[in-house]
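# A predicted structure for the sequence below; I have some questions about it.
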Amino acid sequence: MADIDYETKYFFPVKPIPRLSCRDPEALRLISSEKPVVLTDAKLCDSALKWNLDYLAQHIGPAKHVVFASQCDEFKYYDETKISQYCPNFKRPTQRLEITFQEFANKLTQWNPGQEKLYLQQGLNSSVGTVIAADFVSFNWPWLNAQTKTQGWGTLTSNLLLVAMAGNVTPVHYDEQQNLFCQLVGHKRCILFSPDHHDRLYPHPVYHPHDRQSQADIFKPDFDKFPGLRQISAQSAVLGPGDVLYIPIYWWHHISSLHNHPYTVSINFWYKGASTDMVIYPLLDRQKVAIMRNIEKMIMDALKKPTEVDQFFQSLILGRYT
Ligand SMILES: CCC[C@@H](CC(=O)O)C(=O)C(=O)O
Ligand SMILES: [Zn+2]
């Protein structure tokens, strides 16, 4: 299909993420060097290509599912556990609901413009019905297990089932896990930025509920507040059914559901990164981000006050490390 993505105007340079066969040595080289690639023929979740709204409502079972509601198209993640300690006045950008899949499907089919947008984001667990479980068992685990073993990744921590309404946006953020992202129904536009964008995408502080999320909006850039935005550059791809995008650990990503279908269905595979990282100099950009996170956590444990951090670091480096 025509890559819808290039009809979008960006203020920053964008290159296409390579689309390769999972048997192409170049694809494996990109994964080994922790660079994004779209695998077009992994057949990772072919048994789930039929997971449309009716099928899921019919077979996923009566358990409650996590659904976020938003007054706009954005669904910016926040860590509930970080609100009480340092940000008691934090305004949640979305409301977290727990409803059955059928209730969710009914809301989607009866949705009218002006009503709140919804995004189902549920970790697949043993509550799914036997039909869904059978589809899950039929995933291409032999290929997946061989791949993750070759790459030395850690355990599979979760599979998130994602059912988004057309237009839903997950704003720019990074995760601390390797991610094989499978598109099942509809199309998603994915914009990725390498981990060395830490000082150009301005993540919220680690103690903040929006830890790992960018403070900036790449579609409404505030260059005065975030001048580093002028130096960002991205790779992007539009994913369709059957595509598998490798989102490397610590890579920033912005993901949105396109309007060529009323909703999208995706499933991700989050893996812990390789356990023993050989410390080879120069450090990898993601290693520097991990070190920065640890320093932030230590400083906040010591100072307890976010307002003292800036002065602390100024005193530490100004005039001494130039
Ligand atoms: C809860 C976020 C899911 C996903 C983004 C999206 O598909 O909207 C993502 O960021 C990831 O898989 O890491
Ligand atoms: Zn993510």
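Arrived safely. Ligands and ions are numbered 1, 2, ... in the order given.

# just the mean pLDDT for stretch 89-99, thanks.
Averaged over stretch 89-99, pLDDT sits at 98.

# oh, I was asking about stretch 292-311
Stretch 292-311 carries an average pLDDT of 97.

# export only the CA atoms of that stretch, formatted as PDB.
In PDB, the C-alpha atoms belonging to stretch 292-311 read as follows (Å, rounded to 0.1, in the frame of the first residue of the first chain):
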ATOM      1  CA  MET A 292      21.300   9.100  33.900                       C
ATOM      2  CA  ARG A 293      18.100   7.400  35.200                       C
ATOM      3  CA  ASN A 294      20.100   5.800  38.100                       C
ATOM      4  CA  ILE A 295      21.700   9.100  39.000                       C
ATOM      5  CA  GLU A 296      18.300  10.900  39.000                       C
ATOM      6  CA  LYS A 297      16.900   8.200  41.300                       C
ATOM      7  CA  MET A 298      19.900   8.500  43.700                       C
ATOM      8  CA  ILE A 299      19.700  12.300  43.800                       C
ATOM      9  CA  MET A 300      16.000  12.300  44.400                       C
ATOM     10  CA  ASP A 301      16.400   9.800  47.200                       C
ATOM     11  CA  ALA A 302      19.100  12.100  48.700                       C
ATOM     12  CA  LEU A 303      17.600  15.500  48.200                       C
ATOM     13  CA  LYS A 304      13.900  14.600  48.300                       C
ATOM     14  CA  LYS A 305      13.000  17.900  46.700                       C
ATOM     15  CA  PRO A 306      12.800  18.200  42.900                       C
ATOM     16  CA  THR A 307      13.400  22.000  43.200                       C
ATOM     17  CA  GLU A 308      16.900  21.400  44.600                       C
ATOM     18  CA  VAL A 309      18.100  19.100  41.800                       C
ATOM     19  CA  ASP A 310      18.900  21.800  39.300                       C
ATOM     20  CA  GLN A 311      21.100  23.800  41.700                       C
END
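
# and stretch 214-228, which residues are buried?
For stretch 214-228, burial by neighbour count (16 or more other CB atoms under 10 Å) applies to S214, A216, D217, I218, F219, P221, F226. Glycine gets a C-beta too; all of them are placed from N, C-alpha and C.

# biggest separation within these, which pair?
Across the buried residues of stretch 214-228, the longest distance by CB to CB is 13.0 Å; it joins F219 and F226.

# mind listing the strands for the chain?
Ranges of strands in the chain, per DSSP state E, are 14-16, 19-20, 37-39, 64-70, 95-100, 117-123, 156-165, 169-173, 178-185, 188-193, 234-239, 244-247, 252-257, 263-271.

# report the angle between the last one and strand 178-185.
Going back to what we said before, that points to strand 263-271. Counting by axes from the mean of the first three to the mean of the last three CA atoms, to 10 degrees, strand 263-271 lies at 160 degrees to strand 178-185.

# returning to that earlier point: now mean neighbour count and distance to ligand 1 too, for the strands of the chain, in JSON lines please.
Putting these into JSON lines (neighbours: other CB atoms under 10 Å; distance: least, CB to the nearest ligand atom, whole Å) gives the following:
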{"stretch": "strand 14-16", "mean neighbour count": "13", "distance to ligand 1": "18"}
{"stretch": "strand 19-20", "mean neighbour count": "18", "distance to ligand 1": "18"}
{"stretch": "strand 37-39", "mean neighbour count": "25", "distance to ligand 1": "14"}
{"stretch": "strand 64-70", "mean neighbour count": "19", "distance to ligand 1": "9"}
{"stretch": "strand 95-100", "mean neighbour count": "14", "distance to ligand 1": "12"}
{"stretch": "strand 117-123", "mean neighbour count": "21", "distance to ligand 1": "5"}
{"stretch": "strand 156-165", "mean neighbour count": "20", "distance to ligand 1": "5"}
{"stretch": "strand 169-173", "mean neighbour count": "22", "distance to ligand 1": "3"}
{"stretch": "strand 178-185", "mean neighbour count": "23", "distance to ligand 1": "5"}
{"stretch": "strand 188-193", "mean neighbour count": "22", "distance to ligand 1": "6"}
{"stretch": "strand 234-239", "mean neighbour count": "22", "distance to ligand 1": "9"}
{"stretch": "strand 244-247", "mean neighbour count": "24", "distance to ligand 1": "6"}
{"stretch": "strand 252-257", "mean neighbour count": "24", "distance to ligand 1": "4"}
{"stretch": "strand 263-271", "mean neighbour count": "23", "distance to ligand 1": "4"}
